[in-house]
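Student: Can you look at this prediction? I've put the sequence above it.
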Amino acid sequence: MLKDRLGRFFCAFDEFLYTPLFPAVVSAFILAAYILRISLIGLAILVLIACFIMVRKDDITPLLPMCFGFVCLFRNFDALKGVAIYLILAPFLIALIYHFIKFPPKKPVLGKLFFPFFLITCALFLSGIFSAYLYLYANGLLYAFTVGPLLWFAYFLFGNYLRPPENLDVKRYLSLSVVCSVLIMCLAFFWACAEQNAGTGNSVINGATVGFANTNNIGAMILLAFPLCLFLFVKEENHWFYLVTALFFIVTILLFRCDGGSGVLLVFSPFMFVLTYLESKKENRGRLIFCLLVFVLVAVALLFIVFLVKGYDFITAEFDVRTGESGRSHLYNVAFRLFKENPLFGAGLGYSDTDAIGDYAPHNCALRIFNFHSTLFQVVGCMGIFGLIAYAVYFYKRYEIVTENSSVFNVFMFFAFTMFECYGMIDTCEFNIVPCMLVLTVMLTVTETENRKPPLSFENTINAFVGR
């Protein structure tokens, strides 16, 4: 009797893992754990669920929402300093090894990015090897181990162990997981700002951090999630939620004062809204136009009110904050100087600008490097010509994946990656391991995997995503 009940429970739970409700529940749980300040307890529960999935199933697709959202559990790096987090993660590693042994791939797939990740790993470890800053090499060694082999492993893992049910639309599942995760990042950050300003009378939305992210990191994540919101608006029945969430992301990135991120989104969003209109059902097109008109009218009205209350100088000052170079010219000049001094392999990841101040000063954290706040100048300054070649191959293969076919999903993914790269030219996107690069790597892996599959029939897609 008990065995039958457990069997029914496991079957029901397996079905629940592939419904839209699971990513939503996981994200809500992570946000609650953040608010209640129970990061380690929340992580332990997520690890138990992940272990349960990996021991019982040959498919790790249900790990996606946990993989994307777990970073929001942590308010700072303090949790990494104790032994507790490693004891919590130990069962996960054991379950992962068990999963590898019990469910080996029939034929390992290396994928289009396997060789580019190998080149990047080589560029990371060779960076600074012949420079005058070789004595600083060890400072960037842990980061090199993390951003190189870790992302390489994540790409191989999800490329070979994503084995969802045949009737599951993984593109929608991935999109929902990303959107829910970025949504709770934004909400957690607003909560952190409210806590920071409590009792002070301030309403400043900066200075707070959530997990492994600041406002610029969350801005980069919004650029990845925004196109997926519109993709879900086109494909899903609950279209209002996704449209409202997309508009919420626009408001959030503007309030966060993301350096250039808001400008990137404002430039690309009209093109994506046009694409959304063309791909939407006829009955949804009018709703889309109505919502956008209301949103624009409200935005103009608020801007007018701010102008009346604060004056023209306030608006120009805010514009300068969002478009100013924020001291980056100094960083770019330093990167170019280092490239001229060390053209082949750069100055190395361990390099630190001792003249930098404030946000650009060296960080006392093994997983942080001195950031030049630009993908181009970070590679040029730290990895030289070899790094430029490695990343050029990587970017070429990345866009080869998203342009392999002209499906609606791939087009929205093209916008996501393009916005991310544009923002990366003036910020740390490509060198923010978690959450940015981890999420982007998994998105690329799923896109490449799905490109190999024939499209689902409409009936099977609906049945899979409502949990039938």
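Tutor: Structure received.
Student: hey, let's count contacts and neighbours off CA atoms from now on
Tutor: Noted.
Student: What about Ile389, how many residues nearby?
Tutor: Ile389 sits with 16 neighbouring residues when counted by other Cα atoms under 10 Å.
Student: What of the one 3 residues further on?
Tutor: Residues near Ala392, counting by other Cα under 10 Å, number 14.
Student: can you tell me how far Phe189 sits from Leu6?
Tutor: Counting by Cα to Cα, to the nearest Å, the separation of Phe189 from Leu6 is 39 Å.
Student: Just want to know which of the two has more residues nearby.
Tutor: Between Phe189 and Leu6, counted using other Cα under 10 Å, the more crowded position is Phe189 (25 against 11).
Student: secondary structure element for that one?
Tutor: In this assignment (DSSP states H and E), Phe189 forms part of helix 170-197.
Student: Mind giving me the packing neighbours of that helix?
Tutor: helix 21-35, helix 64-69, helix 215-235, helix 438-451 (3 or more Cα pairs under 8 Å, 6 or more residues apart in numbering; DSSP states H and E).
Student: Looking at those helices, which one is packed in the most?
Tutor: helix 215-235 (a mean of 26; mean count of other Cα atoms under 10 Å).
Student: so after that helix, what's the next helix or strand?
Tutor: Downstream of helix 215-235 (by DSSP H and E), the next one is helix 239-255.
Student: quick one: buried residues of the helix or strand following that next one?
Tutor: Next helix or strand after helix 239-255 toward the C-terminus (DSSP H and E): helix 261-279. Buried residues in helix 261-279, counted by 16 or more other Cα atoms under 10 Å: 261-265, 268-269, 272-273, 275-277, 279.
Student: again with stretch 102-111
Tutor: Buried, per 16+ other Cα under 10 Å, within stretch 102-111: Phe103.
Student: Restrict it to CA atoms and write it as PDB.
Tutor: As requested, the backbone C-alpha atoms of stretch 102-111 are provided in PDB (Å, rounded to 0.1, in the frame of the first residue of the first chain):
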ATOM      1  CA  LYS A 102      24.300   5.300 -14.000                       C
ATOM      2  CA  PHE A 103      23.300   7.300 -17.100                       C
ATOM      3  CA  PRO A 104      26.300   7.700 -19.400                       C
ATOM      4  CA  PRO A 105      25.700   9.200 -22.800                       C
ATOM      5  CA  LYS A 106      25.400   6.700 -25.600                       C
ATOM      6  CA  LYS A 107      27.700   8.800 -27.700                       C
ATOM      7  CA  PRO A 108      29.300  11.900 -26.100                       C
ATOM      8  CA  VAL A 109      28.500  15.100 -28.100                       C
ATOM      9  CA  LEU A 110      31.300  17.700 -28.000                       C
ATOM     10  CA  GLY A 111      29.300  20.400 -29.800                       C
END
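Student: Now it: average pLDDT?
Tutor: The pLDDT scores in stretch 102-111 average 89.
Student: What are the contacting residues of that stretch?
Tutor: For stretch 102-111, the surrounding residues in contact (Cα atoms under 8 Å, 6 or more residues apart in numbering) are Asp58, Phe156, Gly159, Asn160, Tyr161, Glu448.
Student: And the helices in the stretch 51-200 of the chain?
Tutor: Listed in chain order, the helices found in the stretch 51-200 of the chain under DSSP state H, counting those that start in this stretch are 64-69, 84-102, 114-126, 141-145, 151-161, 170-197.
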